[in-house]
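1. Have a look at this prediction, sequence included:
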Amino acid sequence: MEKRFTGSGQLNTLQMPKLQIDNLTLIFGRERQTALQLLREGKSKADILDATGCTVAVKNASFQVEKGEFFVIMGLSGSGKSSLLRCLNRLIEPTAGDILLNGTNITALNEAALQQTRRKEISMVFQKFGLLPHRTVLENIAFGLELQGMAPRERNAKATEVVELVGLKGYEQMLPSELSGGMQQRVGLARALANDPEVLLMDEAFSALDPLIRTQMQDELLDLQEKMHKTIIFITHDLDEAIRLGDRIAIMKDGEVIQVGTPEEILTAPANDYVSSFVEKVDRKTIITASSMMDTKPTMAVFRKDGPEGSLRKMRATGLDILPAVTVDKHFLGFVYLREVLEVKKRGEPTIEAAIHRDVPVAYPDTTVEQMLPFIAETDKPVAVVDPKNNKLLGLISQTSLIIETTGNQPV
Ligand SMILES: Nc1ncnc2c1ncn2[C@@H]1O[C@H](COP(=O)(O)OP(=O)(O)OP(=O)(O)O)[C@@H](O)[C@H]1O
């Protein structure tokens, strides 16, 4: 899936974020305000619990979610994911901080306006599906619309539309108890989608499903998202699921958001030892791409500018016996080798043309390490990374870094 977001937590600032969370804090317990004060004084969670009996579930969380983004919040049990998610639609009242939806501060809404937002703008899908047992699939899906006061004919038509979308056609008149877990979660998802919300909150939505069904549901959700372009905030404690689904991932620990980034950023630049230990076992080959491995300032032999003489000079200066050959405007032509450049010079040829090997494999910035495996050769040939639009050379990956990335070992 295409990853559209780059830079740790950096978003396209030309557009207003769909959701902006600023210093969100949630404290459970009676002496919340005292606890908040202690938190602001820099006291630890454990000290605050000792002093006040209050639990700091979310501590100063700040991040933005862009329109159409699939944003995953990941953390172990008790890290505060569900608490944070429930604050976003104020199922739980945050103790401090702001939540801006399309620039409007949700924390300042009165009850009526909040109801309106929950019905129209933010819908939630729960882990345990939350279905009404005595209502049919169609009635369950239409339930939110019924609460909004929509007439039966209209709401059934809307629910029938969504039924098709989530693959429940033919099951409309069944009761939840007649369905498998995966099917029940489709009903939960359909009910959330029937409201046509801008933001979908999904709380461990697939965690109760067995692994095969879970993978299938993940695929279907990604397919749906390709069509719907909703803003999705998805909670999971499973890193593989987070990597599979997320455009970006926020990692939580002890109530704090400790890193926000694309899966690749989190794997290549973990914010601390905790994140490193988390990502250790992930199969990096399918996630790391050429863009994060390449040297973006390689020495190049510039065709027509650098003749054999100039190319040899560059080889001598760098100690390299192979250089990428490019045109003056950086279009990649191939590689030149020391031995052949010497021969060209000996023959008195004015350019390095005859020395250029044009038939070499190239990678694009989003080519994964796995896709580059066939490029591992016995020779020390680097991999050229080019822009797919215009074939300009963007960087080089040395054979050594490719081997280290694929095997985890230094080449012998
Ligand atoms: N209603 C509550 N009252 C008091 N403490 C709570 C309440 N709900 C959660 N907590 C505490 O807040 C912290 C964060 O819990 P939360 O459920 O948000 O974590 P989580 O990451 O979603 O974990 P899980 O995956 O197990 O649900 C935990 O220490 C938990 O014990």
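-> Arrived safely. Numbers count the residues shown, from 1 in each chain.
2. Can you pull the poorly scored residue ranges out of the chain?
-> Counting by pLDDT under 70, the ranges of the chain that qualify are 1-14, 129, 378-379, 408-412.
3. in a strand, that's where Ala325 is, yeah?
-> Yes. Assigned with DSSP: H, G, I helix; E, B strand; the rest coil, Ala325 falls within a strand.
4. right, and it touches His331 too?
-> No. Ala325 is not in contact with His331 according to CB atoms under 8 Å; the separation is 9.8 Å. Heads up, the C-betas are built off the backbone N, CA and C, glycines and all.
5. The two: which has the busier surroundings?
-> The neighbour comparison of Ala325 against His331 (other CB atoms under 10 Å) goes to Ala325, with 25 against 15.
6. host element of Leu49?
-> helix 45-52 (DSSP states H and E).
7. For Thr406, list the residues it contacts.
-> Taking CB atoms under 8 Å, 6 or more residues apart in numbering as the contact definition, Thr406 lies against 285, 369, 372-373, 376.
8. which element follows the lengthiest helix in the chain toward the C-terminus?
-> Longest helix of the chain, by residue count under DSSP state H: helix 211-228. Later in the chain than helix 211-228, the nearest helix or strand by DSSP H and E is strand 231-236.
9. tilt between that following strand and helix 211-228?
-> Strand 231-236 and helix 211-228 are oriented at 170 degrees to each other (axes from the mean of the first three to the mean of the last three CA atoms, to 10 degrees).
10. gap between the longest helix of the chain and the chain center?
-> Its chain's C-alpha centre and that of helix 211-228 lie 15 Å apart, by CA atoms, centre = their mean, to the nearest Å.
11. what residues does it touch?
-> Helix 211-228 is contacted from outside by 1, 70, 165-167, 180-182, 185-186, 189, 193, 205-207, 209, 232, 241, 244-245, using CB under 8 Å, 6+ apart.
12. rerun at 10 Å
-> 1-2, 68-70, 125, 165-167, 180-183, 185-186, 189, 193, 196, 200, 202, 205-209, 230-232, 234, 236, 238, 240-241, 244-245, 247 (CB atoms under 10 Å, 6 or more residues apart in numbering).
13. what about the residue in the stretch 201-350 of the chain positioned nearest to the ligand, neighbour count?
-> Going by CB to the nearest ligand atom, the ligand is nearest to His237 of the stretch 201-350 of the chain, at 5.3 Å. Neighbour count for His237, taken as other CB under 10 Å: 17.
14. Trp156 against Phe143, yeah?
-> Wrong residue type there; residue 156 is Asn, not Trp. No. Here Asn156 does not reach Phe143: they are 11.6 Å apart, not a contact under CB atoms under 10 Å.
15. before we move on, back to that, CA-only coordinates of the longest helix of the chain in PDB, if you can.
-> Written as PDB, here are the backbone C-alpha positions of helix 211-228 (Å, rounded to 0.1, in the frame of the first residue of the first chain):
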ATOM      1  CA  PRO A 211      -5.600 -15.100  12.800                       C
ATOM      2  CA  LEU A 212      -6.800 -16.100   9.300                       C
ATOM      3  CA  ILE A 213     -10.100 -14.100   9.500                       C
ATOM      4  CA  ARG A 214      -8.200 -11.300  11.000                       C
ATOM      5  CA  THR A 215      -5.800 -11.000   8.000                       C
ATOM      6  CA  GLN A 216      -8.700 -11.200   5.700                       C
ATOM      7  CA  MET A 217     -10.500  -8.400   7.500                       C
ATOM      8  CA  GLN A 218      -7.400  -6.300   7.400                       C
ATOM      9  CA  ASP A 219      -7.200  -6.800   3.600                       C
ATOM     10  CA  GLU A 220     -10.800  -5.900   3.200                       C
ATOM     11  CA  LEU A 221     -10.500  -2.800   5.400                       C
ATOM     12  CA  LEU A 222      -7.500  -1.700   3.200                       C
ATOM     13  CA  ASP A 223      -9.600  -2.300   0.100                       C
ATOM     14  CA  LEU A 224     -12.500  -0.400   1.500                       C
ATOM     15  CA  GLN A 225     -10.300   2.500   2.600                       C
ATOM     16  CA  GLU A 226      -9.000   2.800  -1.000                       C
ATOM     17  CA  LYS A 227     -12.600   3.500  -2.000                       C
ATOM     18  CA  MET A 228     -13.800   5.500   1.000                       C
END
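16. before we move on, what SS does Met74 have?
-> Per three-state DSSP, Met74 ends up strand.
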